[in-house]
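Novice: Requesting a structural model of the entry that follows:
(one chain, ligands or ions: 1)
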Amino acid sequence: MNTILSNNIVEVRKLVKEQKKEGHKIALVPTMGALHAGHASLIKKAKEIADFVVVSVFVNPIQFGPNEDFDKYPRNMDKDKKLCEELGVNVIFAPSPKEMYGENSSLNNNELTYVCPPYNVVDCLCGKSRVGHFDGVATVVMKLFNIVQPDFACFGQKDAQQLFIIKKMVKDLNLDIEIVPCPIVREEDGLALSSRNAYLSEQERQQAISISKSLFYIKGLFERGISDVSILFDSAISVLDKNLNLEYLEFRNYSNFEKVNNASEGTLVAIAVKDGNTRLIDNVIL
Ligand code: PAF
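Specialist: Model prediction:
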């Protein structure tokens, strides 16, 4: 499969326009590269539902805080391109920060028009410790939508808050794009796939198993009739490896993002921990 690699907005626009003229449906898979089996599942879904698949590979500077891992975030375009070729991706759009934002591409970019999701959905969970993160995500995703003009866009359920925010943006701003959520892909021992897993030492990798274990424990208890969030919370904490630093473990209504005291079917249980220096997130829907 001949996958076109482009770092140019005008070129990608032209390639997509040609396809649209033929009546072809376009799917976009936005990524930050370092592609793994989780991304592959998004790409496979995109291939299933559309005629022409664009994968964006862009480590977006404006969604990283000043003390976060922008510089060390794994980048491997050769490997990413190979995987995209194997999966039949039509175009990889891999712009430079300058192509996307011009000269001034840091988080404190006062020159840029941002898309800012509402306070109540960004000032919680990951947004509490990652101030400005979801403004950066919403802004870059909006830009990618405007450049690629896809019919579908595939996002992983692992970033549950991101997915909620993107769906809300699409609804609130009347974008004519179908957001396609894709299930979390896990290692055999349950660890959710993430590009950041590459940072883990052997011991940290071992400790990380308890993250999904604690979520599955909650799910099991819920299925046996326990819905009191304080009981579910304490039970999960007892399963979590003591060397992990818990940032949050929260129960939220996944249709309006409000906190719940009593879990019910469809409740989002989301967790973030620091495992050594690496921040890991995971979730289950009850
Ligand atoms: O989930 C990600 O990899 C990123 O947040 C996204 C959606 C590609 C925006 O940079």
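Novice: Verify the stated contact: residue 111 with residue 62.
Specialist: No: shown here, residue 111 and residue 62 do not form a contact pair, counting by C-beta atoms under 8 Å, at 11.2 Å. Any C-beta I mention is one placed from the backbone N, CA and C, and that applies to glycine too.
Novice: out of these two, which sits in the busier spot?
Specialist: residue 62 (22 against 9; other C-beta atoms under 10 Å).
Novice: give me the number of residues near the residue nearest to that one when sequence neighbours are not counted?
Specialist: Spatially, and ignoring its direct neighbours in sequence, residue 62 is nearest to residue 136 (3.9 Å; C-beta to C-beta, 6 or more residues apart in numbering). Residues near residue 136, counting by other C-beta under 10 Å, number 21.
Novice: If the closest residue to residue 15 other than its chain neighbours is in a bridge, with which residues?
Specialist: Computed as C-beta to C-beta, 6+ apart, the closest residue to residue 15 that is not its neighbour in sequence is residue 91, at 5.7 Å. With DSSP bridges as the criterion, residue 91 is bridged to residue 4, residue 54.
Novice: list the contacts for residue 91?
Specialist: Counting by C-beta atoms under 8 Å, 6 or more residues apart in numbering, residue 91 makes contact with 3, 4, 5, 6, 12, 15, 16, 52, 53, 54, 55.
Novice: what's the pLDDT at it?
Specialist: On the pLDDT scale, residue 91 is placed at 98.
Novice: and it, how far is that from the ligand?
Specialist: 16 Å (C-beta to the nearest ligand atom, to the nearest Å).
Novice: Check residue 124 too.
Specialist: On the measure of C-beta to the nearest ligand atom, residue 124 and the ligand end up 17 Å apart.
Novice: so who does that residue touch?
Specialist: Counting by C-beta under 8 Å, 6+ apart, residue 124 makes contact with 161, 250, 252, 257.
Novice: Same question for residue 208.
Specialist: For residue 208, the contacting residues are 191, 197, 200, 241, 244, 275, 280, by C-beta under 8 Å, 6+ apart.
Novice: Who are the packing partners of the helix or strand containing residue 42?
Specialist: For residue 42, the host element (DSSP states H and E) is helix 37-49. Where contact means 3 or more C-beta pairs under 8 Å, 6 or more residues apart in numbering; DSSP states H and E, helix 37-49 is packed against strand 26-31, strand 52-57, helix 77-87, strand 152-156, strand 178-182.
Novice: is any part of it close to the ligand?
Specialist: No: Helix 37-49 stays clear of the ligand (C-beta under 6 Å from any ligand atom), getting no nearer than 8.5 Å.
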